[in-house]
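Trainee: no FASTA, just this:
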Ligand SMILES: O=C(O)C[C@H]1C=CC(=O)O1
């Protein structure tokens, strides 16, 4: 199952620069692990914003929820999820 996800990050001003850097490093490692596993299929920065557009490829809504809600930055992100279905006119075999 594919999901289009938008993540808007808002770190609290109370977080020190060191704490923010550590959190971002842990988040980066986790996101790269999920990308290696093929779960986090695409990751794009939205220009000019601390936000991304991602495509997740998971087995279920429960799996999606578990992966997203355990991201280190989850407490500091607003997340929007759109479930994706195969378009009948798509020429791409992996669009499912
Ligand atoms: O930077 C972000 O968009 C938030 C998050 C997603 C991947 C990552 O390394 O951080």
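Mentor: Perfect, thanks for sending it. Quick caveat: nothing in here was measured; it's all calculated off a predicted structure. Numbering: from 1, shown residues only.

Trainee: List the contacts of the spatially most central residue of the chain.
Mentor: By Cα atoms, centre = their mean, the chain has its centre lying nearest to residue 54, at 5.1 Å. Taking Cβ atoms under 8 Å, 6 or more residues apart in numbering, we find residue 54 in contact with 4-7, 40-44. Using the backbone N, CA and C atoms, a C-beta is placed for each residue, glycine as well.

Trainee: what's around residue 58, how many residues?
Mentor: Neighbour count for residue 58, taken as other Cβ atoms under 10 Å: 20.

Trainee: Residue 67 too?
Mentor: 18.

Trainee: how far away is it from residue 58?
Mentor: Distance of residue 67 to residue 58, given as Cβ to Cβ, to the nearest Å: 7 Å.

Trainee: Give me the common contacts of those two.
Mentor: Residues touching both residue 67 and residue 58 (Cβ under 8 Å, 6+ apart): residue 39.

Trainee: Quick one: residues in contact with the top helix by length along the chain.
Mentor: If you go by DSSP state H, the chain has its longest helix at helix 17-36. Under the criterion Cβ under 8 Å, 6+ apart, residues 11, 15, 40-41, 43, 67, 71-73, 76 lie in contact with helix 17-36.

Trainee: Any of the residues you listed buried? List them.
Mentor: The neighbour count (16 or more other Cβ atoms under 10 Å) marks 40, 43, 67, 71-73, 76 as buried among the contacts of helix 17-36.

Trainee: For the residue nearest to residue 2 when sequence neighbours are not counted, give its distance to residue 61.
Mentor: Nearest residue to residue 2, sequence neighbours excluded (Cβ to Cβ, 6 or more residues apart in numbering): residue 84, at 4.2 Å. Residue 84 is 12 Å from residue 61, where distance means Cβ to Cβ.
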